[in-house]
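# any chance you can model this:
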Amino acid sequence: MKKTNLVIQIIKFAVVGGVNTVVDLVVLNVLMFATGIASGIFYSVFKGVSFLVAVTNSYLMNKRWTFGSHEKKVGKEFSRFLLISVVGFAINVGAASVVVNMIPNFLDISPKLWGNVGALAGTFCGLIWNFVGYKFIVFKK
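Predicted structure coming up:
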């Protein structure tokens with residue numbers, strides 16, 4: 001693969017990641033604002049739900065646009081995608097939960113805004129894992 005193709009893939013992955021971050025945050029915020037809950041075990045559940053919605057969107061966008069996969073055996077490809085995503089899920093939700101539930105709110109911001117800081121930290125931590133896993137394991141050519 002030429003260096004320019006890799007750069008284009010990374011840019012596309014970043015765009016898809018941006019879209020998925022927005023999807024993740026919208027779902028998370030709807031759940032937090034609808035329930036008034038922004039910490040504890042329910043925050044972790046909400047973050048898990050928002051991550052799963054975003055990761056489904058990620059598969060659809062990355063499959064065709066970022067990595068141009070035309071794999072006919074969707075079940076096998078999707079199984080690999082789920083495996084990588086489960087590890088990404090653990091990294092994402094784990095990091096977000098650590099920030100929200102274990103790190104003092106040193107910015108002295110509202111709990112809901114702190115929940116978003118945690119979500120962004122989780123997104124950042126899972127980013128590299130997801131790209132490498134999707135490129136070399138899921139959508140390999």
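# make it CA atoms for all contacts and neighbour counts henceforth
OK.
# ok, the closest residue to Gly133 other than its chain neighbours - contacts?
With sequence-adjacent residues excluded and distances taken as Cα to Cα, 6 or more residues apart in numbering, Gly133 is closest to Ile84, at 6.0 Å. Counting by Cα atoms under 8 Å, 6 or more residues apart in numbering, Ile84 makes contact with Asn130, Gly133, Tyr134, Val138.
# could you say which helix or strand holds Ile84?
Using DSSP states H and E, Ile84 sits in helix 74-102.
# how about Val16, what does it touch?
Contact analysis of Val16 by Cα under 8 Å, 6+ apart lists Ser58, Met61, Asn62, Thr66.
# farthest pair within the contacts of Ile84?
Asn130 and Val138 (10.0 Å; Cα to Cα).
# neighbour count: these two, which is higher?
Higher neighbour count among Asn130 and Val138: Val138, with 25 against 20, using other Cα atoms under 10 Å.
# low-confidence ranges, the chain, go.
By pLDDT under 70, the low-scoring segments of the chain are 1.
# ok, now with 80
Along the chain, the parts satisfying pLDDT under 80 run over 1-3, 70-74, 141.
# for it, which helix extends over the most residues?
Ranked by number of residues, the top helix in the chain under DSSP state H is helix 3-35.
# buried residues, the helix or strand where Leu52 lies. List them.
Element membership for Leu52, per DSSP H and E: helix 40-61. Of all the residues in helix 40-61, those buried under the rule 16 or more other Cα atoms under 10 Å are 43-52, 54-55, 57-59, 61.
# dump the C-alpha coordinates for it into PDB.
Extracted in PDB, the C-alpha atoms of helix 40-61 (Å, rounded to 0.1, in the frame of the first residue of the first chain):
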ATOM      1  CA  GLY A  40     -22.200   5.600  39.000                       C
ATOM      2  CA  ILE A  41     -23.100   2.300  37.500                       C
ATOM      3  CA  PHE A  42     -25.900   3.700  35.300                       C
ATOM      4  CA  TYR A  43     -23.400   6.200  33.700                       C
ATOM      5  CA  SER A  44     -21.300   3.100  32.700                       C
ATOM      6  CA  VAL A  45     -24.400   1.400  31.300                       C
ATOM      7  CA  PHE A  46     -25.400   4.500  29.400                       C
ATOM      8  CA  LYS A  47     -21.900   4.800  28.000                       C
ATOM      9  CA  GLY A  48     -22.000   1.200  27.000                       C
ATOM     10  CA  VAL A  49     -25.300   1.700  25.100                       C
ATOM     11  CA  SER A  50     -24.000   4.900  23.400                       C
ATOM     12  CA  PHE A  51     -20.800   3.100  22.400                       C
ATOM     13  CA  LEU A  52     -22.700   0.200  20.800                       C
ATOM     14  CA  VAL A  53     -24.900   2.500  18.700                       C
ATOM     15  CA  ALA A  54     -21.800   4.300  17.500                       C
ATOM     16  CA  VAL A  55     -19.900   1.100  16.800                       C
ATOM     17  CA  THR A  56     -22.700  -0.200  14.600                       C
ATOM     18  CA  ASN A  57     -22.500   3.000  12.600                       C
ATOM     19  CA  SER A  58     -18.700   2.700  12.500                       C
ATOM     20  CA  TYR A  59     -18.900  -0.800  10.900                       C
ATOM     21  CA  LEU A  60     -21.200   0.400   8.200                       C
ATOM     22  CA  MET A  61     -19.200   3.500   7.300                       C
END
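# alright, that wraps it up for me.
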